[in-house]
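# How does the following fold in three dimensions:
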Amino acid sequence: MGEAVRYDGGDCGHHLNKKSAILLQQWQQEGLLLSLCPEVSGGLPVPRPAAEIVDDKVVTQAGEDVSQAFRMGAEKALALCHQYQIQYAILKQGSPSCGNSLINDGSFSKTKVRGQGITARLLTAHHIQVFNETELLQLQILL
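Numbers count the residues shown, from 1 in each chain. Here you go, the predicted model:
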């Protein structure tokens, strides 16, 4: 199974518990996973500066507005969901793109607040159920 890569090139999955890691591996072997990073699909490189949602924009700590890349990546993720009739998405919690219930507060202090990232929000609005990496057992029940 390929590793999920963070914006800074780190491994997103290093903290998964054993059950979750086994589930992901099983689903990949069964052909149930379609891997996509909305941020990379939107044109952003890896590594890239950290970004957070600030007043409905996604900006880097240096103040660069990267909202367009985040929106483009979200649209591409939604298009793939429609193309392959995907009903469920597993996204990275805390991400300004993928966070499904928690995101950083925009202060770059790593403080989490309730909210959804750009892709999670768009998929949810189109009736695609979004789960994060800590909710895989809940998703397993639906499959």
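# Spatially central residue for the chain, please.
In the chain, the centroid-proximal residue (C-alpha atoms, centre = their mean) is residue 98; its distance is 2.7 Å.
# quick one: pLDDT of the closest residue to that residue other than its chain neighbours?
Nearest residue to residue 98 in three dimensions, chain neighbours excluded: residue 91, at 3.4 Å (C-beta to C-beta, 6 or more residues apart in numbering). (C-beta placed from N, C-alpha, C; glycine too.) Predicted confidence (pLDDT) for residue 91: 90.
# Contacts only, for the residue lying farthest from the centre of the chain.
If you look at how far each residue of the chain sits from its centre, by C-alpha atoms, centre = their mean, the farthest one is residue 62, at 22.3 Å. Shown in contact with residue 62 (C-beta atoms under 8 Å, 6 or more residues apart in numbering): residue 49.
# Which secondary structure state is assigned to it?
Following DSSP: H, G, I helix; E, B strand; the rest coil, we place residue 62 in the coil state.
# list the helices and strands the lengthiest helix in the chain packs on?
The helix that spans the most residues within the chain, counting by DSSP state H, is helix 67-83. With contacts taken as 3 or more C-beta pairs under 8 Å, 6 or more residues apart in numbering; DSSP states H and E, helix 67-83 sits against helix 38-41, strand 57-60, helix 118-125.
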